[in-house]
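**Q** Sequence plus predicted model, see below.
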Amino acid sequence: MQSIDSLHDFFVRTGAEVTLYHMGRRVEPCPLDALRELEHDGHSWPAPWQGQARLAMVFRVGDLGDPLIWFLALPLDEQGTLDPAPRDAFLQRLLETLGRNVQGLGREDSSGIDNLMKDNPLAFTPATPFLAMLHARASHDLDRSASQHLEPVEAYLEGQQALDWRALGLQGLADFAVRMDETQQQRLADTLPSLPDEVLVSLCYCLEHVAIGDDLAAALRQRGEQAAEAGDIERFCACVRAVSGAATARVGSWYDALLADETACGPDLLAAMAGRGWRHLEEAERLPRFLARLADEPRADFTAVARDLALIPRLRLPVLMTLRDAEPTSAIGRRLAGLSR
């Protein structure tokens with residue numbers, strides 16, 4: 001039997017049914033080929049988060065009934081490529097646990113393979129909204145029923161029942177975000193202006209992981225601007241993150257307006273843009289303007305955010321060029337000068 005030298009090898013050679021999900025910037029499907037390219041071809045990871053490739057690995061092997069889920073954060077180097085040593089240590093532990101005859105995997109209980117996540121330096125526990133979105137996506141992609149919480153959420157958001165919003169579960173909101181069709185999305189855009197603030201924020205935690213249309217994005221922008229005027233930073237930033245799944249033409253205009261307003265560009269807003277809306281920063285003037293605002297905000301960790309953006313393959317060169325071309329007297333230049341002292 002061929003040796004198993006990577007996680008990709010493990011899944012392929014054991015015949016596992018595996019579905020991968022990004023768990024860093026957004027919860028979204030990740031092709032198995034992306035793992036192969038990271039491990040075997042030396043490619044940069046497409047969606048790094050804080051120097052890691054964060055993944056949920058949902059898989060079933062052999063005769064196991066319910067799928068297992070691994071949450072692994074694979075360390076990346078300064079180029080955004082895999083730092084192999086921690087992965088190799090985990091792989092060695094995996095093979096020692098299973099024995100070399102992986103063909104028999106799944107014919108008995110899964111306790112051995114499941115226990116690999118205990119005391120594992122690569123394992124992590126996702127935040128509650130990320131877990132809810134993963135379960136919503138995985139159940140949808142595996143053709144399984146949504147949670148029991150979906151039906152009351154649908155009834156509430158579509159105005160069919162006057163339910164107490166405090167009875168709505170986050171898992172139901174996540175299921176709705178993943179499964180809503182165009183008609184439901186349009187109805188949500190119509191009802192969004194009247195949603196209680198608490199429901200809006202929880203819903204935004206889910207919408208930030210899915211694609212949305214222009215009408216819903218416009219409604220979210222309106223609620224976000226109202227929150228900004230009221231000084232509600234959490235609700236404001238939740239709306240900024242939630243619009244990230246809309247088209248750049250729609251999102252970019254709001255980003256431009258916010259970046260032009262010095263009073264709006266606090267650390268929470270800048271983190272929301274970088275963390276969820278990084279795709280919309282890929283524009284010749286918007287990215288330098290964002291980095292300038294980031295450098296000018298003393299409460300923001302300029303170095304950490306700029307480094308994290310530079311690990312994203314499509315942003316790496318534009319970020320580095322912006323830093324290189326910054327005038328010494330500019331906010332960016334002063335930040336860079338401070339690093340060299």
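**A** Looks like it arrived, so ask away. Residues are numbered from 1 along each chain as shown.
**Q** Which strands or helices does the longest helix along the chain pack on?
**A** Assignment by DSSP state H gives helix 214-230 as the longest helix of the chain. Here helix 214-230 touches helix 182-191, helix 197-207, helix 233-242, helix 248-259, going by 3 or more CB pairs under 8 Å, 6 or more residues apart in numbering; DSSP states H and E. In this view, the C-beta of every residue, glycine as well, is placed from N, C-alpha and C.
**Q** Kindly export the first one (C-alpha atoms) in PDB.
**A** The C-alpha atoms that make up helix 182-191 are tabulated as PDB, following Å, rounded to 0.1, in the frame of the first residue of the first chain:
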ATOM      1  CA  GLU A 182     -34.800  34.300  -3.800                       C
ATOM      2  CA  THR A 183     -38.400  34.800  -2.700                       C
ATOM      3  CA  GLN A 184     -37.500  34.400   0.900                       C
ATOM      4  CA  GLN A 185     -34.600  36.700   0.600                       C
ATOM      5  CA  GLN A 186     -36.800  39.400  -1.000                       C
ATOM      6  CA  ARG A 187     -39.300  39.000   1.900                       C
ATOM      7  CA  LEU A 188     -36.500  39.300   4.400                       C
ATOM      8  CA  ALA A 189     -35.300  42.500   2.700                       C
ATOM      9  CA  ASP A 190     -38.800  43.900   3.100                       C
ATOM     10  CA  THR A 191     -39.100  42.900   6.800                       C
END
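**Q** on that earlier part again, most neighbours per residue, which of the helices and strands packed on helix 214-230?
**A** Of the helices and strands packed on helix 214-230, the one with the most neighbours on average (mean count of other CB atoms under 10 Å) is helix 233-242, at a mean of 23.
**Q** what's in contact with it?
**A** Under the contact criterion CB atoms under 8 Å, 6 or more residues apart in numbering, helix 233-242 has outside partners 197, 200-201, 203-205, 207-208, 212, 220-221, 223-224, 227-228, 254, 258, 266, 268-269, 271-273, 275-277.
**Q** and that helix with helix 248-259, angle?
**A** Counting by axes from the mean of the first three to the mean of the last three CA atoms, to 10 degrees, helix 233-242 points 150 degrees away from the direction of helix 248-259.
**Q** what separates stretch 34-41 from the chain centre, distance-wise?
**A** Relative to its chain's centre, stretch 34-41 lies at 20 Å (CA atoms, centre = their mean, to the nearest Å).
**Q** before we move on, the earlier item: any chance of the helices and strands packed on helix 214-230 in TSV with mean pLDDT and distance to residue 96 as columns?
**A** Formatted as TSV, the helices and strands packed on helix 214-230 follow (pLDDT from 0 to 100; distance: least, CB to CB, whole Å):
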stretch	mean pLDDT	distance to residue 96
helix 182-191	95	49
helix 197-207	96	39
helix 233-242	98	42
helix 248-259	96	48
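**Q** out of those helices, which comes closest to residue 155?
**A** Smallest distance to residue 155 across the helices and strands packed on helix 214-230 (CB to CB): 11.8 Å, for helix 182-191.
**Q** The protein: strands as residue ranges?
**A** Under the criterion DSSP state E, strands of the chain are mapped to 17-23, 27-30, 52-60, 68-75.
**Q** Let me have these in a markdown table, extended by distance to residue 41.
**A** Formatted as a markdown table, those follow (distance: least, CB to CB, whole Å):
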| stretch | distance to residue 41 |
| --- | --- |
| strand 17-23 | 16 |
| strand 27-30 | 15 |
| strand 52-60 | 14 |
| strand 68-75 | 15 |
